[in-house]
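S.K.: let me see the structure of the following:
(one chain, ligands or ions: 1)
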Amino acid sequence: MKPLHRIVPPSITMSLDRQAKELVASGKDVINLTAGQVDLPMPDAAKEAVRVALEADRTGYVPAAGSADVIGAVRNRMGWRNGNILISAGAKPLLSAAVACIAGPGDEVLVPTPCYTSYPEMIRLAGAVSVPVAGDPENRFAVSREALEAVVSDRTKALLFNNPVNPTGTVYRSDELQKIVDFCVEHDLYLIADEVYGTFVYDEPFVSLYSFPDVRDRLILVNSASKAFAMAGLRLGYAVMPDAVAGAVSAYLSHMLGCPCSLSERAAMAALEEDARFCFDLREVFRKRRDVLFPLIAAIPGAKIEKSAGAFYLWLDIRNTGMDDTAFCRALLDREGVALTPGSAFLCPGFVRLAYTQPEPVLTEASMRLRRFFV
Ligand code: PLP
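M.R.: Numbers count the residues shown, from 1 in each chain. Below is the predicted model of the structure:
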């Protein structure tokens, strides 16, 4: 048999989550803090909308770029007054398609690290080169302008930027975002930005890159219903971008995916049209969880951790344990039955990610097990 042209490594985070779930299914007492998804139900209105759509046999193709009423609901809810809006099967295809339409062989895309596991693969699949840019460990792992300047070159086409950040939970401040914007404008780069955790910001109001007019003509801003409306499995994302990019991305997705799922569109439409209460309540659930879990872990002798301001992750520095991050996660799972994600999965060894996507009592129990492991 002729060899495959492409071997794609699996998503490490997804396979770890599957491993932890298999252990739970086999009867093992495992607390799974690897899952990057909301563990609560989606809005009732969204459930009802799917029932109604199913009853009405709304199961045909919808327009490749998404139905007009859904695009209108996204425009209203997100406040994306200008720019072309596309709907697709989650944030991931929109990000991948944007990368593939912007960058190819010979091009480089900058990726601040630690980063979401799929970014480097998306860039590699496009045939371009992913250039990791280490975030500043002394400043919440936020990437600095200096670090970006040190690696930008004539080959650089885009910056793939995430805020709030998976895996650190870092939220960029307005002045830091301005520097990112200036950098992209001055070097004539596209800014592909992923704000899927934008509704999970706890200490200050979230500042979206959409609010920087200077960058709009080069901004591909991606968001989705996965986290905001607890609909990860329904696969529904939305993005706003300049016309020329939208034409290419929309055609790319039409060949690859066809169109968004007709039922998921109805669910998202109902959720987007509801008031902001659902997202507000969800954020409060996660804020409380963070405020329960963080002090418990910070109080463990030897545990080095900072309070993060967004998403649903805490980022634990384990460099002082004498173990590498993978060995740490393996030993913690074996000895205490707590599953975490090693930082290597996010291009940042020496750290581990805790997802507080479990109810408070489970998080408290996890912190007790972690304490036993450390002391
Ligand atoms: N972007 C980031 C930063 C994520 O953490 C995730 C999922 O964990 C995604 C995108 C995927 O979003 P979606 O489910 O909308 O494809």
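S.K.: what's the separation between Ile7 and the ligand?
M.R.: Separation of Ile7 from the ligand (C-beta to the nearest ligand atom, to the nearest Å): 22 Å. All C-beta atoms are positioned from the backbone trio N, CA, C, and that covers glycine.
S.K.: same check on Ala355?
M.R.: From Ala355 across to the ligand, the span is 9 Å (C-beta to the nearest ligand atom).
S.K.: and what of Val131?
M.R.: Counting by C-beta to the nearest ligand atom - Val131 and the ligand are separated by 18 Å.
S.K.: likewise Phe229?
M.R.: Taking C-beta to the nearest ligand atom, one finds Phe229 at 11 Å from the ligand.
S.K.: which residues touch that residue?
M.R.: Contacts of Phe229 were listed using C-beta atoms under 8 Å, 6 or more residues apart in numbering, and they are Met42, Pro43, Ala46, Ala267, Ala268, Ala271, Leu272, Phe278, Cys279.
S.K.: could you do Arg287 as well?
M.R.: With C-beta under 8 Å, 6+ apart, Arg287 has these contacts: Tyr202.
S.K.: what is the helix or strand of the chain with the lowest mean pLDDT packed up against?
M.R.: In the chain, no helix or strand scores lower on mean pLDDT, DSSP states H and E than helix 12-25, which sits at a mean of 80. Packing contacts for helix 12-25, counted by 3 or more C-beta pairs under 8 Å, 6 or more residues apart in numbering; DSSP states H and E, involve strand 31-32, helix 325-336, strand 338-339, strand 341-342.
S.K.: is any part of that helix close to the ligand?
M.R.: No: residues of helix 12-25 contacting the ligand under C-beta under 6 Å from any ligand atom: none, with a closest distance of 7.4 Å.
S.K.: tell me how many other residues crowd His187.
M.R.: 15 (other C-beta atoms under 10 Å).
S.K.: got it, and the one 4 residues further on?
M.R.: As a burial measure, the neighbour count of Leu191 was computed by other C-beta under 10 Å and equals 21.
S.K.: that one: what secondary structure?
M.R.: strand (DSSP: H, G, I helix; E, B strand; the rest coil).
S.K.: and the gap between the residue nearest to it when sequence neighbours are not counted and the ligand?
M.R.: If the residues on either side of it in the chain are set aside, Leu191 comes closest to Cys184, at 4.5 Å by C-beta to C-beta, 6 or more residues apart in numbering. Plainly put, Cys184 is 19 Å away from the ligand if you go by C-beta to the nearest ligand atom.
S.K.: hmm, Cys184 is touching Arg216, no?
M.R.: No: using C-beta atoms under 8 Å, Cys184 is not in contact with Arg216; the gap is 11.2 Å.
S.K.: so which of these two has more stuff around it?
M.R.: Cys184 (27 against 19).
S.K.: tell me where the stretch 1-150 of the chain has strands.
M.R.: Per DSSP state E, counting those that start in this stretch, the stretch 1-150 of the chain carries strands over the ranges 31-32, 84-88, 108-113, 129-134.
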